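Engineer: I'll drop the sequence and a predicted model, then ask my questions.
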Amino acid sequence: MPINITRRTAILGSMGALLVSALDQSFAAEPSALRIALILESRTDVGWTRTLLDSLEQVKQARPDGLDISWDYTDPLWNDDAENAMRFYAEGGEYDIIWAHGRYSDQVKKLSAEFPDIMFVVTGSGNLPLGTNQYWLYKRLHEPSYLLGMLAGRTTRSGVIGLVGTFAADDVNDQINAFLDGARAVRPDVKHRVSFIGSWSDNALAAEHANVQIASGADVVFMLTDNFKPCQEHKIMCFANIIDQSKLAPDAIASSAIINWQPDIKWIVSEWLKHKPRGQYNGNTEPKWFSMGQGGVDIAPYHDFDAKLPATVKEELAATRQKIMSGEFVVPLNTAEVK
Amino acid sequence: MGWNVACYSAAMLCALFSTAALLHLSGGDVAKAFSSLVIGAFGSQKALLGSLAKATPLLLVGLGTVIAFRAKIWNIGQEGQVLAGAMCAYWASLWIGPLPYWMAFAVLVLAGLAGGGALGLLAGILKTRFGTSEIISTVMLNYIVIFLLAYLLDGGPWMESGVTVAYHQSPPVNTMLEWPTLFGQGSAKLHVGFLLALGATALSAVLLERTPLGYEIRAFGSNPTALRFRGTDISRLLLVVMLVSGALAGLAGAGELFGTSHRLRAETLLGIGSSGIVVAMVGGLRPSGAMLAALFFGALKSGAIYMRLQSGTPAGLVSAMEGLVLLFFLCAAVATRIQVTVRSEVHA
């Protein structure tokens, strides 16, 4: 039996075939896996790195957009060693994202144009705003630091609070200023002792600075480093940052200002999905950070101090935290160095 | 000659076996680790360039050490002299006006030489004027330079200023002043400092072996009293040796700053001085030996990254390898001085 095909049928049929073909290609191009190479600047037990690995694990379980996320990471690497490692990963062609977890934009700058299909991620202060295929993540801990400052202001007896910082970098200064703002919000006459040890990891020096501050009257200390021995030895209350450090000194650490990288990772994944098919990235030149309300930061539980802290103080902190989360109260962001 | 070769070959084999044992004990795949080390150091043009680039500052510092140690002047302030050279060159770069490139390059080279040389000379003056041990003074000067740099980069005039920056580092150097590239591009390149290092090797060899000054340096190392009776001005000689030794280390610092890192930062320069001393010692305190040792350690440093990423070798093992090589080579150096004489009794 002869088949009669009208012109309209032929046109519609062709269009339909084209549409199905395009849809098929579109579905076929949808990535199902994401491989990340991590360049680390500190050991995996250090808070800055540990929080990232923990967050990656949690995002992996959630499988955003059905992606199977996996990663490999290096020992701590810096300078041209880090650059060589990035080149190794980039040339291997196995990885979609090279996540350089720290101050690595000098190295990315030399590689990004050579590997335009790879997305580079750098984190923290000290990076350059390169844009294109470099994405720049930041962590602002000023909101939880403000809450810890309130706690310090409510609990100090001497009226002197200490702060031991690493470098006077702007993402350290914001925590210190917010901590002092929080303390003064509840006790305006509070005095402070601030010092910077000029290192990210010299815990012995951090202890010396803390001991000096305690000797000069500080009875609550915000340790932005990883040594809490002075607080234990002098039986005073300490605060930590980056990760919940309570296990290190449960008798001294009342709480910590903590980082959660999950919103950052999800944003990076969404940007990668958005730009990957086009092969062009649109990296941010202003640092991107997620607030407490967005889940980027928070304060850790009180653990052993839960029973020691007055209920009224805990309620006051919970109420302020809620106001920050809802946007009713905005913690001032001040990155000036405190003297 | 044959005995020397045997000693150093045995030292190399011992170092390799010891490293293999360490790798095995740490659960690593020995064959994979060594093969990836070789591929990472020599497996491609980029790898080779990386090895030569790593060898460049080690060779310059090693040569400076050779000259000082041949005179038995124990200049161990190379760390500070490398920093001083980089700092002086950086300071010069801030003041260089619109000069032709080759003139600006010459200024940076001279500034690097001057920075390291001045620090060496200072230790020499302390020795000749006050009898201060150069071992003590050079080490103490290291600290002074490191803390001076910390001041300059941490709140001082050289600190990078910006919205999110407050680290111990300078802004990037003027791109117009970066040292020219010989081969490669991007992150895998070899800068002109390598040629300077090769030239310095030849000059050092000529200086030590073919000039009156070289003779005096060697004589000072073996018998300073005899040299004094010969009429040589010992103080002047000591100052010259310290100046040259420090200057070569300073050139290494300037080269690293303007050829590789392009940003003044202590962490990129620390370690070059001590590795350079190892290079000189392993090289048998000869310029040619220092060159071979620098190439070896440069390759080791360059290949180590590849080895770590490919085979998961712990980072600490690379430093352990360097230490083992030094240890066995020092043992070999002692062994070369042992002479075994076989006496046969002659019966009438």
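Structural biologist: Thanks, I have it.
Engineer: any low-confidence regions in chain A?
Structural biologist: Within chain A, the set of residues satisfying pLDDT under 70 comprises A:1-29.
Engineer: Now the spatially most central residue of it. Nearest residue, chain neighbours left out?
Structural biologist: To find the centre residue of chain A, average its C-alpha atoms and take the closest one (CA atoms, centre = their mean): that gives residue A:139, at 4.4 Å. Nearest-residue entry for residue A:139: residue A:259, 5.4 Å, with adjacent residues in sequence omitted and distances by CB to CB, 6 or more residues apart in numbering or on different chains. All C-beta spots, glycine's among them, are computed from the backbone N, C-alpha and C.
Engineer: ok, now residue B:108?
Structural biologist: With sequence-adjacent residues excluded and distances taken as CB to CB, 6+ apart, residue B:108 is closest to residue B:89, at 4.8 Å.
Engineer: pLDDT on the one helix or strand that neighbour maps to, on average?
Structural biologist: Remark: residue B:89 resides in helix B:78-95, with elements defined by DSSP states H and E. For helix B:78-95, mean pLDDT is 97.
Engineer: what's the offset of it from the middle of its chain?
Structural biologist: What separates the centre of helix B:78-95 from the centre of its chain is 15 Å, taken as CA atoms, centre = their mean, to the nearest Å.
Engineer: Convert that helix to PDB, retaining C-alpha atoms only.
Structural biologist: C-alpha atoms of helix B:78-95 as PDB (Å, rounded to 0.1, in the frame of the first residue of the first chain):
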ATOM      1  CA  GLN B  78      73.700  31.000  53.300                       C
ATOM      2  CA  GLU B  79      70.100  31.100  54.400                       C
ATOM      3  CA  GLY B  80      70.400  34.700  55.400                       C
ATOM      4  CA  GLN B  81      72.600  35.600  52.400                       C
ATOM      5  CA  VAL B  82      70.000  34.200  50.000                       C
ATOM      6  CA  LEU B  83      67.400  36.300  51.700                       C
ATOM      7  CA  ALA B  84      69.600  39.400  51.700                       C
ATOM      8  CA  GLY B  85      70.300  39.000  47.900                       C
ATOM      9  CA  ALA B  86      66.600  38.700  47.200                       C
ATOM     10  CA  MET B  87      65.800  41.700  49.500                       C
ATOM     11  CA  CYS B  88      68.400  43.900  48.000                       C
ATOM     12  CA  ALA B  89      67.300  43.000  44.400                       C
ATOM     13  CA  TYR B  90      63.700  43.700  45.400                       C
ATOM     14  CA  TRP B  91      64.600  47.000  46.900                       C
ATOM     15  CA  ALA B  92      66.500  47.900  43.700                       C
ATOM     16  CA  SER B  93      63.500  47.000  41.700                       C
ATOM     17  CA  LEU B  94      61.400  49.500  43.500                       C
ATOM     18  CA  TRP B  95      63.800  52.300  42.500                       C
END
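Engineer: ok, the residue nearest to the centre of chain A - contacts?
Structural biologist: Residues in contact with residue A:139, defined by CB atoms under 8 Å, 6 or more residues apart in numbering or on different chains, are A:123-124, A:171, A:259, A:289, A:296-297.
Engineer: same check, this time on residue A:147
Structural biologist: With contacts taken as CB under 8 Å, 6+ apart, residue A:147 has the following neighbours: A:182, A:257, A:299, A:317, A:320-321, A:324.
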